[in-house]
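[1] Quick one: sequence plus predicted model below, questions after.
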There are 2 protein chains.
Amino acid sequence: VSDLVLVLVTRPVLRDSGASTSPNDPAPGFVFADPAAPQLSVLDLGVTRGDGVFESVLVRDGRAPALDAHLARFASSARILDFPEPDLAVWGRAFAAAVEAASTRGQRAFGVKLVLTRGIEGSAQPTAWLLAQPAPDFAALRVGGVAAVTLDRGYRHDAARTAPWLLQGAKTLSYEINAAALREAERRVAREVVFVSSDGFVLEAPTSSVIVRFGDRMVTPPSELGIVPGTTVRRAFEFFAQQGFETASQRLRASELQGADALWLVSSIRQAVPVTALDGAGLELDEGLTARLNTWLGD
Amino acid sequence: VSDLVLVLVTRPVLRDSGASTSPNDPAPGFVFADPAAPQLSVLDLGVTRGDGVFESVLVRDGRAPALDAHLARFASSARILDFPEPDLAVWGRAFAAAVEAASTRGQRAFGVKLVLTRGIEGSAQPTAWLLAQPAPDFAALRVGGVAAVTLDRGYRHDAARTAPWLLQGAKTLSYEINAAALREAERRVAREVVFVSSDGFVLEAPTSSVIVRFGDRMVTPPSELGIVPGTTVRRAFEFFAQQGFETASQRLRASELQGADALWLVSSIRQAVPVTALDGAGLELDEGLTARLNTWLGD
């Protein structure tokens, strides 16, 4: 744990007044803490109920170009869970402090996880922290790709609209189904999962978004399907547009994946990982295009 | 927190050998800890992923008659999540120690929560604890009842069989949808929820099981629908059978609830709470029968 930097956010949400903290506020709203020491109560709703939200942000050479998109999504997740609004000014300052501390230790690439829980039951005080950890090296995965399987996520494509209490589209701490799906993939001798709605629409992967290539056209499923709006998809689409591809956010039937020319799973931390086989059927691996995409995303 | 008793379980799962610990093992496999101090790492998968299972057991006058059923369900939840098998001998001893400590403080009724998480990521060491807390007084609720609404849980009635990675039927720490459903109930000026499958079958409530009365017949939905097998339902059905009711575990369409004569939500901690209105339509409240049922459950 000597590689970790932990920052506890002491003023994570906007106060009842609704007024944001002043940028000149003398109290920073966060403190550094020991990541090797226990920091959480067994009464915290983050652990007893998975009642919280998170984001994971990649930092390279001290820069996190997608930070604003991540903070916006963090606030969106909090809204879906009826949390008080995160004080993004404090989170931004705490993030910068974590990045500086991790960079001082000579780390070039690391992930920063932002976590906000509903806090100790009955306290009405959220618990909040940031944790910077060295990013695992996903270079081999980005080049060689992964085998994936499609799995039913159980909900209809319109569940986010018809049943908002199912919290589709939020990055919550109630994440165990994603881990269970990845274990099921392993049992099927694959490493990744492409979730499909109960009525047959392509959704997303447990920790990444899906981009599918059909000839000169790149397609990603729309966030109205109750999927987490991808911050990395947006940047990947900028790249593909520059390369002359058409890009579209539109519904795809799982059956249409059989006609796909390529498929990538994209996320902040791993960037773009090509899928080389889906449900046992081979997919084209365009090494050159994938490498250029990852260079773009990594810069 | 002076009312709380926290026991950390240091040997929560069976060892690789598969051999259970000997009852004469000199090391008890648990230690008492300070519930007011932080005990959990921010790296624990219990909080970062909601990756764990739990049980809540009511203790009255030092007795927990349903303990074996709870321990069996705890083991079942662990199995659904691909956890190593809990060492129930150790959990049983730790439970007895927590009960003794709480009883010594003069508490007559308290809940004991058992929690097992996958532990710190990469450690392969589960984290485990028991927490005894005074049980809130639900007496008024048991007499006066609650208003409830039906809400779609999003999954088909057969999801537990067709998509086991959705972990239906396990009591997991990824519990936030239950809290969100209760918030939705509040918005509808109700206090409780009866979940319905996406194809219209009655399931369970967020933290309790459902019993529906049709004349002389008591019905509860079967656990094959991906619901948590109710330990209290079983005891309630013993009572109803003694009172001359027919009891059945069978599928119910949500539309059939319109013909119900009464409905109860039953759980270990709250016992039997009558539902006085469902989706705004009044239900009969049989005060005498409900009181006798709660006396039975409380003894």
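    Here it is on my side, so go on.
[2] rest of the way, CA atoms for contacts and neighbours
    Will do.
[3] Can you find the residue of chain A that comes nearest to chain B?
    Per Cα to the nearest Cα, residue A:174 is where chain A lies closest to chain B, at 3.7 Å.
[4] so what's that residue up against?
    Each residue near residue A:174 by Cα atoms under 8 Å, 6 or more residues apart in numbering or on different chains is listed here: A:49, A:50, A:51, A:52, B:49, B:50, B:51, B:173, B:174, B:175, B:176.
[5] With residue A:156 instead?
    A:197, A:198, A:199, B:154.
[6] pretty sure the third one is in a strand, no?
    No: for residue A:199, which was evaluated using DSSP: H, G, I helix; E, B strand; the rest coil, the result is coil, with no strand membership.
[7] re the thing from before, buried among the contacts of residue A:174? Make that a PyMOL selection.
    To isolate the buried ones among the contacts of residue A:174 in PyMOL, judged by 16 or more other Cα atoms under 10 Å in any protein chain shown, type:
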select buried, (chain A and resi 49+50+51+52) or (chain B and resi 49+50+51+173+174+175+176)
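[8] Quick one: low-confidence residue ranges for chain A.
    Counting by pLDDT under 70, the low-confidence segments of chain A come to A:1, A:16-26, A:299.
[9] ok, which stretches of it are helices?
    Ranges of helices in chain A, per DSSP state H, are A:45-48, A:67-80, A:88-104, A:139-144, A:159-162, A:176-187, A:231-242, A:287-298.
[10] just to revisit the earlier point, check the contacts of residue A:156 and tell me the two furthest apart.
    Taking Cα to Cα, the two most distant members of these are A:199 and B:154; they sit 11.7 Å apart.
[11] more crowded one of the two?
    A direct count of neighbours by other Cα atoms under 10 Å in any protein chain shown for residue A:199 and residue B:154 places residue B:154 higher, at 24 against 15.
[12] related to what we said a few turns ago, tell me which of the helices of chain A sits most buried.
    Across these, averaging neighbours per residue (mean count of other Cα atoms under 10 Å in any protein chain shown) puts helix A:45-48 on top, at a mean of 29.
[13] got a list of contacts for that one?
    Here helix A:45-48 makes contact (Cα under 8 Å, 6+ apart) with A:42, A:51-52, A:117-121, A:173, B:46-48, B:50, B:173.
[14] export that helix as PDB, just CAs?
    This file holds the C-alpha atoms of helix A:45-48, laid out as PDB (Å, rounded to 0.1, in the frame of the first residue of the first chain):
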ATOM      1  CA  LEU A  45     -24.100   2.400   4.400                       C
ATOM      2  CA  GLY A  46     -21.500   2.200   1.600                       C
ATOM      3  CA  VAL A  47     -20.600  -1.300   2.900                       C
ATOM      4  CA  THR A  48     -23.800  -2.400   4.600                       C
END
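[15] Pretty sure residue A:70 sits against residue A:53.
    No: the pair residue A:70 and residue A:53 fails to qualify as a contact (Cα atoms under 8 Å) at a distance of 12.0 Å.
[16] circling back: show only the entries of the contacts of helix A:45-48 found in strands.
    A:52, A:117 (DSSP state E).
[17] quick one: which of the contacts of helix A:45-48 is nearest to residue A:237?
    Distances from residue A:237 to the contacts of helix A:45-48, taken by Cα to Cα, are shortest for residue A:173, at 28.2 Å.
[18] In contact with the closest one, which residues?
    Residue A:173 is in contact with A:46, A:50, A:51, A:52, A:53, A:54, B:47, B:48, B:49, B:50, B:174, counting by Cα under 8 Å, 6+ apart.
[19] try residue A:38
    By Cα under 8 Å, 6+ apart, the contact set of residue A:38 is B:38, B:39, B:40, B:41, B:42.
[20] List the contacts of the third one.
    Same thing as residue B:40. A:38, A:39, A:40, A:41, A:42.
[21] how about the residues of the stretch 151-299 of chain A near chain B?
    Neighbours of chain B within the stretch 151-299 of chain A, by Cα under 8 Å from any Cα of the partner chain: A:151-156, A:159, A:163, A:165-167, A:173-177, A:180-181, A:184.
[22] measure the closest residue to residue A:276 other than its chain neighbours to residue A:262 for me?
    Excluding the flanking residues, the one nearest residue A:276 by Cα to Cα, 6 or more residues apart in numbering or on different chains is residue A:283, at 4.9 Å. Distance of residue A:283 to residue A:262, computed by Cα to Cα, to the nearest Å: 6 Å.
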